[in-house]
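Undergrad: This is the structure alone, sequence omitted:
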């Protein structure tokens, strides 16, 4: 059984047992989170496509929170003696898919 869920402005193809990093969720470690924005569900060779969503839910367990690797952004304007160097680390939440209902 697989499903496509939408969270944090992105879409993820998931199945039970998968671990994935999504945009930061306001849940504590160990809590259960329910994704109700399900775009597609396939079970027993039968595919159900939503318009835009399917009446299914994907249950997941929060494993950890963290920050991604640093991305360096360097801006430079020639002939102006102007430059700017900044970094960014995107926060994420790691979840494990427990079931699709």
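TA: Ah, there it is. Since the structure is predicted, the reported quantities are computational estimates derived from the model, not experimental observations.

Undergrad: So which bits of stretch 86-101 are buried?
TA: Buried residues in stretch 86-101, counted by 16 or more other C-beta atoms under 10 Å: 92-95, 97, 100. (C-beta placed from N, C-alpha, C; glycine too.)

Undergrad: low pLDDT regions in the chain?
TA: Per-residue confidence for the chain (pLDDT under 70) gives no ranges below the cut-off.

Undergrad: Nearest to the middle of it, which residue? Look it up for me.
TA: Note on the chain: the residue nearest the mean C-alpha position is residue 22, at 2.6 Å, using C-alpha atoms, centre = their mean.

Undergrad: I am assuming that residue contacts residue 9, so please confirm or correct that.
TA: No: using C-beta atoms under 8 Å as the test, residue 22 is too far from residue 9 to be in contact (10.2 Å).

Undergrad: Three-state assignment for the residue with the largest distance to the centre of the chain, please.
TA: Within the chain, residue 79 marks the point farthest from the mean C-alpha position, 41.7 Å out by C-alpha atoms, centre = their mean. Reducing the assignment to helix, strand or coil with DSSP: H, G, I helix; E, B strand; the rest coil, the entry for residue 79 is coil.

Undergrad: for it, phi and psi?
TA: Backbone dihedrals for residue 79, given as degrees, to the nearest 10, come out at phi 70, psi 0.

Undergrad: how much space between it and residue 96?
TA: Relative to residue 96, residue 79 is positioned 53 Å away (C-beta to C-beta, to the nearest Å).

Undergrad: just residue 32 next, same as before
TA: Using C-beta to C-beta, residue 32 is found at 10 Å from residue 96.
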